[in-house]
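Enquirer: The following comprises the amino acid sequence and a computationally predicted model.
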Amino acid sequence: MKIYTLHKKQKLPITLEQAWAFLCNPENLSKLTPSEMNMKIVSGADKTMYAGQVLQYSVTPLAGIKTKWVSEITQFEDKKYFVDLQLYGPYAFWHHKHFIHEIEGGVEMEDIIDYKVPLGFLGQLIHPILVKPKLNAIFNFRKEQLEKMFGKY
């Protein structure tokens, strides 16, 4: 079983409180997801984030392939980090750690995603061609959107 890791960091010129309030509102995830993925919250986003929260989304990870994505917030420490684990969705495994800390003039956000593609050996073959570039594009979009909303560091 091959586990891949995606690691991204971004600095923003906002306070820890502003960044945390934005990140802990599940409704904001759709603002950070490319529109062609048709990400819609199905349930669970009626409260700000907490450990044990289960969120359901519908998403189109690839053109014409619509699926549900169910994740649980497994760990949560106020203004420091939270972890979401995919319970059901397009990946064979998805564990996403979100860290945030104050730096001079703003905050640094760090994402570490450990994931496994489905379809065994075939999935490993398509990973560098399709999956990895798509994930990089999603996180590049997210970086651009956050900079549009909050400014560049």
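Expert: Sure, I can see it. Numbers count the residues shown, from 1 in each chain.
Enquirer: With residue 126 as the reference, measure out to the residue most central in space within the chain.
Expert: In the chain, the centroid-proximal residue (C-alpha atoms, centre = their mean) is residue 96; its distance is 6.8 Å. Distance from residue 96 to residue 126, counting by C-beta to C-beta, to the nearest Å: 21 Å. For the C-beta atoms, the positions are set from N, CA and C on the backbone; glycine is no exception.
Enquirer: so where do the helices sit in the chain?
Expert: 16-23, 120-126, 132-150 (DSSP state H).
Enquirer: The last one packs against which elements?
Expert: Judged by 3 or more C-beta pairs under 8 Å, 6 or more residues apart in numbering; DSSP states H and E, the packing partners of helix 132-150 are strand 4-12, helix 16-23, strand 106-116.
Enquirer: and of those, who's closest to residue 91?
Expert: With C-beta to C-beta, the closest approach to residue 91 among the helices and strands packed on helix 132-150 belongs to strand 106-116: 5.1 Å.
Enquirer: and the angle from that closest one to strand 4-12?
Expert: 170 degrees (axes from the mean of the first three to the mean of the last three C-alpha atoms, to 10 degrees).
Enquirer: follow-up on the earlier one: so which of the helices of the chain is the most packed in?
Expert: Counting by mean count of other C-beta atoms under 10 Å, helix 16-23 has the highest mean neighbour count of the helices of the chain, with a mean of 16.
Enquirer: Mind putting the helices and strands packed on helix 132-150 into a markdown table with mean pLDDT and distance to residue 58?
Expert: Below are the helices and strands packed on helix 132-150 laid out as a markdown table (pLDDT from 0 to 100; distance: least, C-beta to C-beta, whole Å):
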| stretch | mean pLDDT | distance to residue 58 |
| --- | --- | --- |
| strand 4-12 | 97 | 22 |
| helix 16-23 | 96 | 21 |
| strand 106-116 | 98 | 19 |
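Enquirer: would you list the ones you listed in CSV and tack on distance to residue 73?
Expert: What follows is these, written out as CSV (distance: least, C-beta to C-beta, whole Å):
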stretch, distance to residue 73
strand 4-12, 19
helix 16-23, 12
strand 106-116, 15
